[in-house]
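Enquirer: The sequence and its predicted three-dimensional model are supplied below.
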Amino acid sequence: MRLLEFGLIPQIVIGVVLGAVLGMLLPSLAESLGLLGQLFVAMLKAVAPLLVMLLVMSAIANRHESGSDGRKTFIVVALYIVGMVSAAVVALTLSQIFPQTIALAASAEGAPPVAVSAVLTDVLLKLVDNPVNALLTGNFLGCLSWAILLGMSFRKAPHTFRDHLQVAADGVATIVGYVIKLAPIGIFGLVCFTVATVGMEALAGYASLATVLVAAMLIMALLINPLFVFLITRKNPYPIVIRCLEESGITAFFTRSSAANIPVNLNLAKKLGISEELYSVTIPVGATVNMTGAAITITTLTLAATHTLGIEVSMPAALLLCVISALSACGASGVPSGSLLLIPLACSLFGIPLDVSMQVVAVGFIISVIQDSAETALNSSTDVVYTYAVDQLGEAS
């Protein structure tokens, strides 16, 4: 019981330390305990689509009285796009200062998209998905579009029906609270499995590349994002940035899934006092399209491929890569390593053949235990940071 008094973040830190120690000393036992992490991530993914649908429906049906939140939602989405392009530019700058090369040997499996239009088409098709299928497959854009339409329709429903809708949303939110309390145990299992099965040996050969990736993500999280928050709110940005990294970023780092972190972000947004109408839309949208870390990964690994092959990258081509990386990142799924299969699309800008670019993807999978964890932490925490900043617009003015 004493342990429970420490608070969630200290409990998670204890889980991380214990998991790492157990993974090094008793790898066979630690690998088995990885089931705890799998169950935790599965529970988050199971409850997230239903939570998004009920929360958005209830928010719109019961409290949608002005267009201010609609305007703010548009601003947040625009900020997501600006953030992704900025992240790609940061990655471009670091890659030019510290050019990376990679060993091209083994290839990876997968079916990457052949054009940006294919990525954007997939996003549009997700918006018009069948609502039952959207819930079953965890398609948050589909859940969101149906929730908005049903919420608007239910505004004319009897008051008692809308009250029941709010009760259902609160009920699922309560379940989410229970699941989040299990985070220390779940993260303990995830760390056990990762340390026991991967270790650090596989990363040694690509330490420099991983360092550039993580450095770009840290610059984005600790310099660029705070700058955006300051420009919007005119307040010290670091308290909210640090809190989002602590309460959203840490969990996302170990689950490596933006989709699984949606309940965590919704819970954090509620604690921060953000408008429910705003965060109930921008958080699930962000988990699907705001892939700031993915833009960094795509840009960095693509430029590593060009440096390895001796391909000259002109400034117009580099800037085009930043835009393509940002647009491609919008289609990165909210699952572990979802951005890696978009690398061949960016590589095609420089005439790099598919078999070579898939080897770059294979390198990405080698360092994914670091790259994908840091990427998801940046993606997920940024969703709340931007939503909070825009929500403060009225107060700042």
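Expert: Yep, it's here. Keep in mind the model is a prediction, meaning the values are calculated, not measured. Numbering: from 1, shown residues only.
Enquirer: what about residue 127, distance to residue 142?
Expert: 7 Å (C-beta to C-beta, to the nearest Å). To be clear about C-beta, it is placed using only N, CA and C from the backbone, and glycine gets the same treatment.
Enquirer: Same question for residue 99.
Expert: 41 Å.
Enquirer: More neighbours: which of those two?
Expert: residue 142 (24 against 13; other C-beta atoms under 10 Å).
Enquirer: what about residue 313, which SS state?
Expert: coil (DSSP: H, G, I helix; E, B strand; the rest coil).
Enquirer: I misspoke; the intended subject was residue 258.
Expert: The three-state label given to residue 258 by three-state DSSP is coil.
Enquirer: Please list all residues in contact with it.
Expert: For residue 258, the contacting residues are 252, 286, 287, 288, 291, 334, 376, 379, 380, 383, by C-beta atoms under 8 Å, 6 or more residues apart in numbering.
Enquirer: So which of these is the closest to residue 52?
Expert: Relative to residue 52, the closest of the contacts of residue 258 is residue 287; by C-beta to C-beta it sits at 9.0 Å.
Enquirer: Among the contacts of residue 258, list the two that are farthest apart in space.
Expert: Of all pairs in these, the most separated under C-beta to C-beta is 252 and 288 at 14.3 Å.
Enquirer: Next, the buried residues of the host helix or strand of residue 43.
Expert: Under the criterion of DSSP states H and E, residue 43 resides in helix 27-63. Going by neighbour count (16 or more other C-beta atoms under 10 Å), the buried part of helix 27-63 is 27, 30-31, 33-34, 36-37, 40-41, 43-45, 47-63.
Enquirer: where along the stretch 251-397 of the chain do the helices fall?
Expert: Here the stretch 251-397 of the chain has its helices, by DSSP state H, counting those that start in this stretch, at 262-271, 276-289, 292-309, 315-329, 343-347, 354-366, 368-391, 393-396.
Enquirer: So which of the ones you listed is nearest residue 229?
Expert: Closest approach to residue 229 among these (C-beta to C-beta): helix 368-391, 4.5 Å.
Enquirer: which other helices and strands contact that closest one?
Expert: Here helix 368-391 touches helix 68-97, helix 207-219, helix 225-233, helix 238-244, helix 250-255, helix 262-271, helix 276-289, helix 292-309, going by 3 or more C-beta pairs under 8 Å, 6 or more residues apart in numbering; DSSP states H and E.
Enquirer: Return the distance of that helix from the chain's centre.
Expert: In this view, helix 368-391 has its centroid 5 Å away from the chain centroid, taken as C-alpha atoms, centre = their mean, to the nearest Å.
Enquirer: do stretch 238-247 as well
Expert: Relative to its chain's centre, stretch 238-247 lies at 15 Å (C-alpha atoms, centre = their mean).
Enquirer: which among the contacts of residue 258 gets closest to residue 370?
Expert: Set against residue 370, the nearest of the contacts of residue 258 by C-beta to C-beta is residue 376 (11.3 Å).
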